[in-house]
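J.: could you work out the structure for the sequence below:
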Amino acid sequence: ASKDRSVLVWHIETGELLFVLAGGHKDQVMNIQFSPDSQLLASSSKDRKAIVWNLVSGAITHVLCGHRNRVDALAFHPDPTQPFLISGSHDGSVLVWDYCQGVCLQALNIHEEHVIHVAFSKDGRWLLCSSADKTISVWTLDIQSLKQRACNALHVQLEQRCMQHRNTPSELDLLAFEMERMVEFLVLTMMAADRCDEPGL
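T.: Residues are numbered from 1 along each chain as shown. Predicted coordinates for the structure are as follows:
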């Protein structure tokens, strides 16, 4: 990550430059984090945005806008079946995102000064946030509530896309295929979350 607003992705063993991720941020990049499966990368910037990049194609999947100041901290949920990304900002806020849909699911506002770092516990049950206000906040995420919010956001997206693509049979076929994949992913996410909620796991 650099002041030139780009992110360079290198192959550790060969030293080969794999991607130059540029054109997304409008100011200095402050933080980068890999997803647990290494298929995605999240970057944050002084431009108040976080961006999720596809490391297979090098393309932007989502631009996450919601903070009022620069975004300094990022953390992916350690379970790749749980599509949650946490961002912490200089405005003192912490936002919980569904990075597959690009929507904010929850805002955690407790710190009086800027958030320095965010991190999940290894099992993903706890979220820790440190701040310049000299405090560390510890959160348990309500997975059931987040699942419902993600489902609601998906429903709204599908309704909007149905309105946009109701012209030709080919467009409807494509939309139906995309809807099936999105619902399938959501069901798998909900099943994984249910397993995590079971006692003893």
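J.: what pLDDT does residue 63 get?
T.: What the model reports as pLDDT for residue 63 is 94.
J.: show me what contacts it?
T.: For residue 63, the contact set (Cβ atoms under 8 Å, 6 or more residues apart in numbering) comprises 24, 49, 50, 51, 102. All C-beta atoms are positioned from the backbone trio N, CA, C, and that covers glycine.
J.: what is the nearest of these to residue 82?
T.: residue 102 (15.8 Å; Cβ to Cβ).
J.: which residue is the nearest non-sequential neighbour of the closest one?
T.: Once flanking residues are discounted, residue 102 sits nearest to residue 62: 3.2 Å by Cβ to Cβ, 6 or more residues apart in numbering.
J.: which element is that neighbour on?
T.: Assigned by DSSP states H and E, residue 62 falls within strand 60-65.
J.: swap in residue 32?
T.: strand 29-34.
J.: hmm, who's touching the very next helix or strand once past that strand?
T.: Counting by DSSP H and E, the element after strand 29-34 in chain order, helix or strand, is strand 40-45. Residues from elsewhere that reach strand 40-45, judged by Cβ under 8 Å, 6+ apart: 1, 5, 7, 9, 21, 24-35, 50-55, 61, 70-74, 76, 85, 87, 99.
J.: and residue 50, bridged to which residues?
T.: As for beta bridges, residue 50 partners with residue 44, residue 64 under DSSP bridges.
J.: can you report how many residues lie near it?
T.: When neighbours are counted by other Cβ atoms under 10 Å, residue 50 registers 30.
J.: thought residue 128 was touching residue 138, still the case?
T.: Yes: judged on Cβ atoms under 8 Å, residue 138 makes contact with residue 128 at a distance of 5.5 Å.
J.: and these two? Which one has more around it.
T.: The neighbour comparison of residue 138 against residue 128 (other Cβ under 10 Å) goes to residue 128, with 15 against 9.
J.: remind me which residues of this structure are low pLDDT?
T.: Applying pLDDT under 70 to the chain flags residues 1-2, 143-201.
J.: sorry, back to before: wait, doesn't the residue nearest to residue 102 sit right on residue 98?
T.: No: proximity of residue 62 to residue 98 does not meet the contact threshold set by Cβ under 8 Å, at 9.2 Å.
J.: neighbour-wise, which of those two wins?
T.: Using other Cβ under 10 Å, the more surrounded residue of residue 62 and residue 98 is residue 98, with 24 against 20.
J.: hmm, residue 86 and that one touching each other?
T.: No: taking contacts as Cβ under 8 Å, residue 98 lies outside contact range of residue 86: 11.5 Å.
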